[in-house]
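S.K.: Would you be able to build a 3D model of this:
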Amino acid sequence: GEDSAQAAELPAAHLEWCASRYRSYRPDDNSYRSYSGEQRRCISPYLDAGGADEGYVKVRDSSVEAASIYGSTYQGWPDEEAWGEGASGGVSADHVDYCFSRYRSYRPEDNSYQPYDGGPRRQCE
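M.R.: Take a look at the predicted model:
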């Protein structure tokens, strides 16, 4: 039906990323259930900015640009605890989770964030 057509438009890397982080992830509508019981849409580093809000656009799995957009459109870390293995930009999924929880400007592809007081980007330790 139409649900499977929507899932087919999502990049495979996005589907794998969401499925590896949320036990309740449903690829047919790109959602998961948070610990608080809320149904939420999965937004991964593999979705581009247009796809995050206005339908989905395919991106190459190797697209670094897609990963950088995640940091700028990120609205808050989901309630559901991440699980599974995986890496983004050569750092562990746990490290990426930690840095996103601390720094809204975090970019996984170069493991950096923009300090609140300005200046050059810094590495997330």
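S.K.: Tell me where the protein has helices.
M.R.: 2-9, 12-21, 49-53, 64-73, 93-102 (DSSP state H).
S.K.: Any idea what residue 33 is bridged to?
M.R.: residue 39 (DSSP bridges).
S.K.: For residue 118, the count of nearby residues, please.
M.R.: Using other Cβ atoms under 10 Å, the number of residues around residue 118 comes to 6. Every residue, glycine included, has its C-beta placed from N, CA and C.
S.K.: That one and residue 105: what is the separation?
M.R.: Here the criterion is Cβ to Cβ, to the nearest Å. By it, residue 118 lies 11 Å from residue 105.
S.K.: for residue 39, same thing?
M.R.: The gap separating residue 39 from residue 105 is 28 Å, by Cβ to Cβ.
S.K.: now residue 31
M.R.: Counting by Cβ to Cβ, the separation of residue 31 from residue 105 is 26 Å.
S.K.: likewise residue 36?
M.R.: The value you get for residue 36 to residue 105, if Cβ to Cβ is used, is 26 Å.
S.K.: Of these two, give the one with the bigger neighbour count.
M.R.: Neighbour count, other Cβ under 10 Å: between residue 36 and residue 105, residue 105 has more, with 15 against 9.
S.K.: Let me know whether the more buried one touches residue 124 as I believe.
M.R.: No - between residue 105 and residue 124 there is no contact, the gap being 10.1 Å when judged by Cβ atoms under 8 Å.
S.K.: Mutual contacts of these two, please.
M.R.: Common contacts of residue 105 and residue 124 (Cβ atoms under 8 Å, 6 or more residues apart in numbering): residue 113.
S.K.: So for residue 122, what's the pLDDT?
M.R.: Residue-level confidence at residue 122 comes out at 93, pLDDT.
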